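[1] below is the sequence, then the predicted model.
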Amino acid sequence: MDGNSPLKQAGLNDPWALPLETLDPSRAELFQSGAHLEYFRRLRQESPVHYTPDSMFGPYWSITKFHDIMAVDTNHKVFSSDRDIVIGDNPPGFSPSNFIAMDPPKHDVQRKAATPAVSPSRLQDLEVLIRERAGAILDSLPLNETFNWVDRVSIELTTQMLATLFDFPWEDRRLLPYWSDVVTTSETVGVAVDMAHREKVLHECLAYFVNLWHQRAAEPPKFDFISLLAHNPDTKDMVNDPMEFLGNLILLIVGGNDTTRNSISGGVLAMHDFPEQYAKLKADPSLIPNMVSEIIRWQTPLAHMRRTCTEDIEFQGKQMRKGDRVVMWYVSGNRDETVIDQPDQFIIDRERARQHLSFGFGIHRCMGNRVAEMQLRILWEEIMARFEHIEVVGEPVRLANNFVLGYTDLPVRLTAKA
């Protein structure tokens, strides 16, 4: 094996040299180093429905191929969402729940209440706002000097968008990515943290939003998430169940922050790793909409979702039992060689680029997918209008996280368009 491979650099074992039954792709350090891709490559080839009997999260099944993931994702009767959205369980007494971790009919009612915030008619209004903000952010960036793209662009743009969707106090908007980072950096994703401190921070988040809820409930209805939930007859009492209210806040914050934020960073890194694609984009900026889908596939900002078997079932020759935990590894399905041609290549004019798993399938398909695509499209349109080149000038710093595939640092240098 190449001595410069991500595995060697991170001091990790070659998955091809390990006994198959011992493979545990949930380890956070695999994702931080980029070594997870080789683990999933072996699983897709030799054990696409794979059982890990022992991990820090307990036993679980891994689903790693494109069509198998679709089969699980679209069968909510056998593969229930009624638990956490990450591997592992929340500590006793602190168990936020949300509609992505619910089954119908409750899932359908709560999702329907929040959806108007990102409806097609709403997107038309948001597009003008996003373009104005993206332009202002890009115009504020330094030229010909190094800065962190993650903080100055990826976080700032998505935070401004999220503040709009919540109608969140503008001066406090950076609380939103902070809360998102707290909830997605925990023992439930393979990172040892102070869980008592985490719980304290999330209770502060809850208290802040309870105040916002009561303000919105007393005002005429609007199209932000809080107002929609507070005025909908089916969700108007959600605030009285603190863990359900907090769970749905977390869902909407993470869904609106981490996915777009890390795709914005991942797209810049992909252009660096595949310079011929950057040249192709410069020659034909009309490729941007197609490129956006390829970025989202390439990055796969949320690595997995979990389900729980509601009954015994034989799936692809493997016997699953009622209560077994099943993990759909979207990050693996998006590299499935049997479905996606040259899946390890970043190809901005790829045919059928929207054929990816990053938004999920079935009743839980990401409701904000159009907002995410629109933000990426507009940002790249504004980038191409302003800059001749974005140069990555240092190694990216990735999260140690088996759920959110993201970055904390991406040092770049900008060259202005002549």
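    All right, it came through fine.
[2] Trp298: neighbour count?
    Trp298 has 27 neighbouring residues, counting by other Cβ atoms under 10 Å. Where you see a C-beta, it was placed from the backbone N, CA and C, and this is true even at glycine.
[3] so it, which of the three states?
    Three-state call for Trp298 (DSSP: H, G, I helix; E, B strand; the rest coil): helix.
[4] distance of it from Met56?
    As judged by Cβ to Cβ, to the nearest Å, Trp298 and Met56 stand 28 Å apart.
[5] could you do Trp149 as well?
    32 Å.
[6] please apply the same query to Val339.
    Per Cβ to Cβ, Val339 is found 31 Å from Met56.
[7] kindly report the same for Thr146.
    From Thr146 to Met56 the distance is 37 Å (Cβ to Cβ).
[8] same question, Leu141
    Applying Cβ to Cβ, the value for Leu141 to Met56 is 40 Å.
[9] so what pLDDT did the nearest residue to Leu410 once chain neighbours are set aside get?
    Excluding the flanking residues, the one nearest Leu410 by Cβ to Cβ, 6 or more residues apart in numbering is Trp149, at 4.4 Å. At Trp149, the model reports a pLDDT of 98.
[10] relative to Glu29, how far out is Trp149?
    Look at Trp149 and Glu29: by Cβ to Cβ, they are 24 Å apart.
[11] neighbour count: these two, which is higher?
    A count of neighbours by other Cβ under 10 Å puts Trp149 above the other of Trp149 and Glu29, at 24 against 16.
[12] which parts of the stretch 51-200 of the chain are strands?
    When secondary structure is read from DSSP state E, counting those that start in this stretch, the stretch 51-200 of the chain shows strands at 60-63, 79-80, 147-148.
[13] who wins for proximity to Gly323 among these?
    strand 79-80 (10.1 Å; Cβ to Cβ).
[14] after the helix or strand of the chain with the lowest mean pLDDT, which helix or strand is next?
    Lowest by mean pLDDT, DSSP states H and E among the helices and strands of the chain is helix 6-9, with a mean of 57. Using DSSP states H and E, the helix or strand that follows helix 6-9 in sequence is helix 28-33.
[15] what is that next one packed up against?
    With contacts taken as 3 or more Cβ pairs under 8 Å, 6 or more residues apart in numbering; DSSP states H and E, helix 28-33 sits against helix 6-9, strand 397-398.
[16] distance between that helix and the chain's centre?
    On the basis of Cα atoms, centre = their mean, to the nearest Å, helix 28-33 is displaced by 16 Å from the centre of the chain it belongs to.
[17] ok so, going back, OK, contacts around the residue nearest to Leu410?
    Shown in contact with Trp149 (Cβ atoms under 8 Å, 6 or more residues apart in numbering): 265, 268, 390, 410-412.
[18] which of those residues lies closest to Asp284?
    Ile390 (17.4 Å).
[19] then that closest one would be within a helix, right?
    No - applying three-state DSSP, one finds Ile390 to be strand, outside a helix.
[20] surely Val72 is in contact with Ile63?
    Yes - using Cβ atoms under 8 Å, Val72 makes contact with Ile63 at a distance of 5.5 Å.
[21] who's more crowded, those two?
    Ile63 (29 against 22).
[22] wait, doesn't that one sit right on Ile69?
    Yes - with contact defined as Cβ under 8 Å, Ile63 reaches Ile69; the gap is 5.3 Å.
[23] common neighbours of the two, please.
    328-329, 333.
[24] redo those residues as TSV? Include secondary structure and pLDDT.
    Output for the shared contacts of Ile63 and Ile69, formatted as TSV (DSSP: H, G, I helix; E, B strand; the rest coil; pLDDT from 0 to 100):
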residue	secondary structure	pLDDT
Met328	strand	97
Trp329	strand	98
Gly333	helix	98
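[25] tell me the one of the residues you listed nearest Ile288?
    Gly333 (24.7 Å).
[26] dump the residue contacts of that closest one.
    If you count contacts by Cβ under 8 Å, 6+ apart, Gly333 has them with 63-66, 68-70, 339, 357.
[27] which of those count as buried?
    Among the contacts of Gly333, those buried by neighbour count (16 or more other Cβ atoms under 10 Å) are 63-66, 68-70, 339, 357.
[28] so where's the stretch 1-150 of the chain shaky on pLDDT?
    Along the stretch 1-150 of the chain, segments meeting pLDDT under 70 span 1-11, 83-109, 111.
[29] helices of that one, start to end?
    6-9, 28-33, 36-46, 66-73, 106-114, 120-139, 149 (DSSP state H, counting those that start in this stretch).
[30] can you list the buried residues in the third one?
    Of the residues in helix 36-46, those with enough neighbours to count as buried (16+ other Cβ under 10 Å) are 36-44.
[31] how about the CA coordinates for it, as CSV?
    Provided in CSV are the C-alpha atoms of helix 36-46 (Å, rounded to 0.1, in the frame of the first residue of the first chain):
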residue,chain,number,x,y,z
HIS,A,36,-13.2,5.7,5.4
LEU,A,37,-13.4,5.5,1.6
GLU,A,38,-11.1,2.5,1.5
TYR,A,39,-13.1,0.7,4.3
PHE,A,40,-16.3,1.2,2.3
ARG,A,41,-14.7,0.1,-0.9
ARG,A,42,-13.9,-3.3,0.7
LEU,A,43,-17.4,-3.6,2.2
ARG,A,44,-19.1,-2.8,-1.1
GLN,A,45,-17.0,-5.5,-2.8
GLU,A,46,-17.0,-8.2,-0.2
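[32] chain neighbours aside, what residue packs nearest to Val182?
    Leaving out its chain neighbours, the residue that sits closest to Val182 by Cβ to Cβ, 6+ apart is Val201, at 4.9 Å.
[33] and the one you found, helix, strand or coil?
    helix.
[34] separation between it and Gly256?
    18 Å.
[35] also Trp298?
    Note on Trp298: its distance to Gly256, by Cβ to Cβ, is 20 Å.
[36] Phe245: which of the contacts of Trp149 is nearest?
    So of the contacts of Trp149, ranked by how close each gets to Phe245 (Cβ to Cβ), first place is Ser265, at 30.4 Å.
[37] many thanks, I have nothing further to ask.
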